[in-house]
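*Asks:* Quick check, what structure comes out for this input:
(chains A and B, ligands or ions: 2)
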Amino acid sequence: MLFIDLLQSIADGLLFGATYSLIGIGFTLVFGVMHKINMAYAAASVAGAYAGLTLLKLAGLPPLLVIIMACLAGAVFGLLTYVLCFWLIPLSHPLATLMSTVGMLLLIDEIVVHLTAGMPVNYPTVMGGMVSLGSFLLRGDLMFIFTIAVLAMAALMYLIYRTRLGLATRAVSQQPVAAQLCGMRLGQVNALTFTISGALGGIAGSLIGSAVGLLSPLLIAPLTVKGLIVTVIGGLGSIPGAIIAGLLVGAAENVFQFVRGVTERDIYVMLLLFVFLVFRPGGILGADPGRN
Amino acid sequence: MLQVSDVETAYGKIKALKGVSLSAAKGRITCLLGPNGAGKTTLMYTIAGILRPLRGSIRLDGQEIAGLTSAAIVSRGLALVPENRLVFPQMSVKENLEAGAYRRKDAAGIAEDIARMYARFPRLQERREQLAGTLSGGEQQMLAVARALMSRPRILLMDEPSLGLAPMIVEEVFSIIKSLNRDGVTIFLVEQNAHMALGVAHHFYLMEQGRVTFSGEPGKLAEDEVIQRAYLGTRRASA
Ligand SMILES: Nc1ncnc2c1ncn2[C@@H]1O[C@H](COP(=O)(O)OP(=O)(O)OP(=O)(O)O)[C@@H](O)[C@H]1O
Ligand SMILES: [Mg+2]
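*Replies:* Numbers count the residues shown, from 1 in each chain, chains lettered A, B, ... in the order given. Ligands and ions are numbered 1, 2, ... in the order given. Below you'll find the model as predicted:
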């Protein structure tokens, strides 16, 4: 029975981990084109989930559409982050944009706490029942989350590998001078990348909200940390790496929770990060510059 | 066709170009020689809109292009094959060519031009699905030239296309330059390989320490003197 339970917790973790994959992709996309870390990303994603819920209620739409609303709101927050934290700030100073995004992270957190009086809000759950798969029982809501996350990733892959704008995004991240010589505009590609990563973040935020059943500003800090962990484990700049690492971290944290309990869970997640930093600092799929 | 007058460009407080004036005539091959650090690449990047000049004017067919974005400059028919080729390493050969046509909207024309590039550079066709980063140096140079041509430039700037290539490949690169020029493309070429460059150029300039110090036609004057100055940067009484 214990073994089945362990498998069960791995399966649940893998399904939920798809949301971490989305957050990891968001960090990685921005790093790919700008070589900067956007520390405000997970906060903006949670804010997108809140704004999506608000929009849903204002427009009186069915609960399922909360994901689309959060996606739109996330896109707007992504673009806003770009303008405030990157476009307005000289990029030549290496610490300036890091500090501006940390500031934005704290600002978003304060605004959310202020607007919700620090109380969690209920979030619509989708497909609450269980789905049986052979001898397995899978949570319907986690299956749903996983499906939506995979669809979002497929849409992203299509955008990046099959469209003209995707070509520009890859060109800028691989060779920015040559990209400009081909007539691509760095500012435009950067803004687009932030908008897309923001949209993915909004989707991830709303999926997390619907899996947990509520949203709370307390989600912001752990999600920021886990997003960064996923990015490091996957390899900075690698989208497939972020996908794999997200699932891995989701599964690992559920196993840690199963074995050691919820209070110790994140201790082991952090240890996992250090194991990777020591033995595989470039991540699973990132370019490994080797150790010196 | 291209007129550069009194252009100054700086990195921070250090001026790399100290008032450069030169021109490239339509239908011709103009060559810029000069020792390492003379400012040749800086000038190419300034003309192509990657760097902004502090002052001076750059005219393409009489229209001012100094200070425009590189996107606007490519659209006006000027393309640069950059030093060190700068292909997109994680993209296929075909995608590199598509990137070169980024400002164009005519899908049919783009497909036609890709076919034309494959005809001109058969080795690119053989490797069209291969990642550009895995091509040899010579193949990457061909790709960089083909990518620049995909924007259908009227004038093509090339920054040291022979850099790091075996002599046979260098010959090939120069025969491509000549054939492009025969097809009506104006060429403005930066070279360290003065001997080869002077073999194809109609007119040449010598640049030293951010200034044009000599200008002339190959053959007329003592080539040895020019080559020696281009390579060694020796400062003598002006020729
Ligand atoms: N990014 C930069 N930042 C600061 N200084 C630079 C930069 N790029 C070039 N320089 C300086 O500007 C001057 C001109 O450099 P540039 O690359 O234009 O020379 P070049 O003639 O192309 O040389 P080479 O033949 O070696 O390619 C040099 O003194 C160089 O050190
Ligand atoms: Mg140079």
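*Asks:* Just the pLDDT for residue 110.
*Replies:* Here I'm looking at chain A. Among the per-residue scores, A:Glu110 shows a pLDDT of 95.
*Asks:* meant chain B, my bad for not saying
*Replies:* For B:Ile110, pLDDT reads 96.
*Asks:* show me the contacts for the residue nearest to it when sequence neighbours are not counted.
*Replies:* If the residues on either side of it in the chain are set aside, B:Ile110 comes closest to B:Ala101, at 4.6 Å by CB to CB, 6 or more residues apart in numbering or on different chains. C-beta coordinates here come from the backbone N, C-alpha and C atoms, glycine included. By CB atoms under 8 Å, 6 or more residues apart in numbering or on different chains, the contact set of B:Ala101 is B:110, B:113-114, B:150-151.
*Asks:* most surrounded residue in those?
*Replies:* B:Met150 (24 neighbours; other CB atoms under 10 Å in any protein chain shown).
*Asks:* which secondary structure elements does whichever strand or helix holds B:Leu17 contact?
*Replies:* In this structure, B:Leu17 sits in strand B:14-24 according to DSSP states H and E. Helices and strands touching strand B:14-24, by 3 or more CB pairs under 8 Å, 6 or more residues apart in numbering or on different chains; DSSP states H and E, are strand B:2-11, strand B:29-33, helix B:40-48, strand B:186-191, strand B:211-216.
*Asks:* May I see these organised as JSON lines, with mean neighbour count and mean pLDDT added?
*Replies:* As requested, the helices and strands packed on strand B:14-24 are exported to JSON lines (neighbours: other CB atoms under 10 Å in any protein chain shown; pLDDT from 0 to 100):
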{"stretch": "strand B:2-11", "mean neighbour count": "17", "mean pLDDT": "96"}
{"stretch": "strand B:29-33", "mean neighbour count": "25", "mean pLDDT": "95"}
{"stretch": "helix B:40-48", "mean neighbour count": "24", "mean pLDDT": "97"}
{"stretch": "strand B:186-191", "mean neighbour count": "25", "mean pLDDT": "96"}
{"stretch": "strand B:211-216", "mean neighbour count": "16", "mean pLDDT": "90"}
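*Asks:* Any chance of these in JSON lines with distance to ligand 1 as columns?
*Replies:* As requested, the helices and strands packed on strand B:14-24 are exported to JSON lines (distance: least, CB to the nearest ligand atom, whole Å):
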{"stretch": "strand B:2-11", "distance to ligand 1": "3"}
{"stretch": "strand B:29-33", "distance to ligand 1": "9"}
{"stretch": "helix B:40-48", "distance to ligand 1": "3"}
{"stretch": "strand B:186-191", "distance to ligand 1": "7"}
{"stretch": "strand B:211-216", "distance to ligand 1": "12"}
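*Asks:* And the contacts of the strand holding B:Leu17?
*Replies:* Contacts of strand B:14-24 (CB under 8 Å, 6+ apart): B:1-10, B:30, B:32, B:39, B:42-43, B:46, B:53-54, B:56, B:155, B:186-188, B:205, B:207, B:209-212, B:215.
*Asks:* Next, the angle from that strand to strand B:186-191.
*Replies:* Put simply, strand B:14-24 runs at 140 degrees to strand B:186-191, going by axes from the mean of the first three to the mean of the last three CA atoms, to 10 degrees.
*Asks:* Spatially nearest residue to residue 27, not counting backbone neighbours?
*Replies:* With no chain named, the answer covers chain A. In space, A:Phe27 is closest to A:Thr231, 4.2 Å off (CB to CB, 6+ apart).
*Asks:* um, chain B though
*Replies:* Nearest residue to B:Gly27 in three dimensions, chain neighbours excluded: B:Thr186, at 5.9 Å (CB to CB, 6+ apart).
*Asks:* check contacts around the one you found.
*Replies:* Counting by CB under 8 Å, 6+ apart, B:Thr186 touches B:1-2, B:24-28, B:154-156.
*Asks:* how about those, which pair is most distant?
*Replies:* The span of the contacts of B:Thr186, defined through CB to CB, is set by B:Ala25 and B:Leu156 at 13.9 Å.
*Asks:* how about the residue of the stretch 101-250 of chain A found nearest ligand 1, what does it touch?
*Replies:* Nearest residue of the stretch 101-250 of chain A to ligand 1, counting by CB to the nearest ligand atom: A:Val177, 10.8 Å away. Going by CB under 8 Å, 6+ apart, A:Val177 touches B:50, B:82, B:86.
*Asks:* Moving C-terminal from the top helix by length along chain A, which element do we reach first?
*Replies:* Longest helix in chain A, counting residues (DSSP state H): helix A:2-34. For helix A:2-34, the succeeding helix or strand toward the C-terminus, using DSSP H and E, is helix A:41-59.
*Asks:* Just send the helices and strands packed on strand B:14-24 back as JSON lines, with distance to ligand 2 too.
*Replies:* As requested, those are exported to JSON lines (distance: least, CB to the ion, whole Å):
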{"stretch": "strand B:2-11", "distance to ligand 2": "13"}
{"stretch": "strand B:29-33", "distance to ligand 2": "10"}
{"stretch": "helix B:40-48", "distance to ligand 2": "3"}
{"stretch": "strand B:186-191", "distance to ligand 2": "7"}
{"stretch": "strand B:211-216", "distance to ligand 2": "15"}
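*Asks:* hmm, back to that, which pair of the contacts of B:Ala101 spans the longest distance?
*Replies:* Across the contacts of B:Ala101 (CB to CB), the longest gap, 12.6 Å, separates B:Ile114 and B:Ser151.
*Asks:* how about A:Ala42, what does it touch?
*Replies:* Taking CB under 8 Å, 6+ apart as the criterion, A:Ala42 is in contact with A:23, A:105, A:201, A:220, A:223-224, A:226-227.
*Asks:* Compare those and tell me which is most surrounded.
*Replies:* When neighbours are counted by other CB under 10 Å, A:Gly201 leads the contacts of A:Ala42 with 37 neighbours.
*Asks:* was I right about it contacting A:Gly24?
*Replies:* No. Look at A:Gly201 against A:Gly24 with CB atoms under 8 Å: they stay out of range, at 10.7 Å.
*Asks:* who's in contact with A:Pro63?
*Replies:* Counting by CB under 8 Å, 6+ apart, A:Pro63 touches A:56, A:124, A:126.
*Asks:* brain fart, A:Ala149
*Replies:* Going by CB under 8 Å, 6+ apart, A:Ala149 touches A:18-19, A:21-22, A:203-204, A:207.
*Asks:* rewinding a little: go through the longest helix of chain A and flag the buried ones.
*Replies:* Across helix A:2-34, burial judged by 16 or more other CB atoms under 10 Å in any protein chain shown covers A:8-34.
*Asks:* so what's residue 232 scoring on pLDDT?
*Replies:* You didn't say which chain, so I picked chain A. 91.
*Asks:* My question was about chain B, not that one.
*Replies:* 56.
*Asks:* Mind jotting down where the helices sit in chain B?
*Replies:* All helices of chain B, identified by DSSP H, fall at B:40-48, B:70-75, B:93-100, B:107-120, B:122-126, B:137-149, B:167-182, B:194-200, B:223-232.
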